[in-house]
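1. coordinates for the following, if possible.
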Amino acid sequence: MTSDPIGNGAGQQRPSAVAPVLRDRNTDETIRRVADQLEEEIVLGLLHPRERLVEDDLCERFNLKRHVARQVLGEVERRGLIERRRHVGALVKSFTASEVTQLYALRELLETDAASRIVFPVDAAKLAELETLQAQHDAAAQAGDLRRVFRVNMAFHRAFFALSGNQVLVDAIHEYERRTHAIRSVSIVFPVYLEKARAEHHQMIDALRRGDRDDLIALCRAHLVPSRDAYLNAYHQRSAAAAAFDLSTPNGDIE
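-> A predicted model of the protein is given here:
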């Protein structure tokens, strides 16, 4: 009689397989829906950098159970939109000037690389898809529907960069575009920035139609500048104002 090499006797019952954890589809949909709304509010500046997101407030506002509110915060954190600080809780993510510069340098590398990979001539159906999305973007901008502007803008960028044929690259672009939502909130609400973005989208479509790669790459690079610079300008203005306040109130005392 041979011995059991792993020590299980003949009469010993093997442990049963662990049953798979079943997800509640309704709960998953609620988490996605609320996280999407918070994402919109961050990019539109309705929730500001360093603003706290409190579980109790989310429960009351969205009629959530506490464990669901906690999962919502986890999802928004996974998207890179909030950070958690000990003894403080969840805060809308804020960025230093150095972090903004580094994030946008990475976005430029990713997005210009994607543009360089596009094969010309571009399929007519894919060009038509971009034109349709941009028509929706134009209509939303003219109606002042900033939530719609944001969503269609994201769809336009996904369709545009999908022309690179590299889905991993497209996903990386989307990930870092999302991580800069709080940065973009400084510029998206101003008509001058929105109009510039709309014009650049049309120019990108035209460059695709003409097969002008150099122009396309230059447009992708320039498209990132306004939101980056608007945040940096606001950041430096806040820093200067804070420094002036500190100088006017020695030892931090307010007279």
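2. okay, now the domains of this protein?
-> Recorded structural domains for the chain (assignment: automatic domain parsing) are 25-92, 97-239.
3. CSV please, covering those domains and showing mean pLDDT.
-> Converted to CSV, those look like this (pLDDT from 0 to 100):
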stretch, mean pLDDT
domain 25-92, 94
domain 97-239, 96
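4. in CSV: those, plus mean neighbour count.
-> (C-beta placed from N, C-alpha, C; glycine too.) Formatted as CSV, those follow (neighbours: other CB atoms under 10 Å):
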stretch, mean neighbour count
domain 25-92, 16
domain 97-239, 17
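5. pLDDT score for P20?
-> Looking at P20, its pLDDT stands at 42.
6. kindly report the same for Q13.
-> Q13 is given a pLDDT of 49.
7. measure V100 to A222 for me?
-> 17 Å (CB to CB, to the nearest Å).
8. which helix or strand contains the residue most central in space within the chain?
-> Centroid-nearest residue in the chain: R178, 1.3 Å away (criterion: CA atoms, centre = their mean). In this assignment (DSSP states H and E), R178 forms part of helix 167-179.
9. please save the CA atoms from that helix in PDB.
-> Listed in PDB are the C-alpha atoms of helix 167-179, where the atom choice follows Å, rounded to 0.1, in the frame of the first residue of the first chain:
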ATOM      1  CA  GLN A 167      -5.400  49.100 -28.300                       C
ATOM      2  CA  VAL A 168      -2.900  49.000 -25.400                       C
ATOM      3  CA  LEU A 169      -1.700  52.500 -26.400                       C
ATOM      4  CA  VAL A 170      -5.300  53.700 -26.700                       C
ATOM      5  CA  ASP A 171      -6.000  52.400 -23.200                       C
ATOM      6  CA  ALA A 172      -2.900  54.100 -21.800                       C
ATOM      7  CA  ILE A 173      -3.900  57.400 -23.500                       C
ATOM      8  CA  HIS A 174      -7.400  57.100 -22.000                       C
ATOM      9  CA  GLU A 175      -6.000  56.300 -18.500                       C
ATOM     10  CA  TYR A 176      -3.800  59.400 -18.400                       C
ATOM     11  CA  GLU A 177      -6.400  61.600 -20.000                       C
ATOM     12  CA  ARG A 178      -8.700  60.600 -17.200                       C
ATOM     13  CA  ARG A 179      -6.000  61.300 -14.600                       C
END
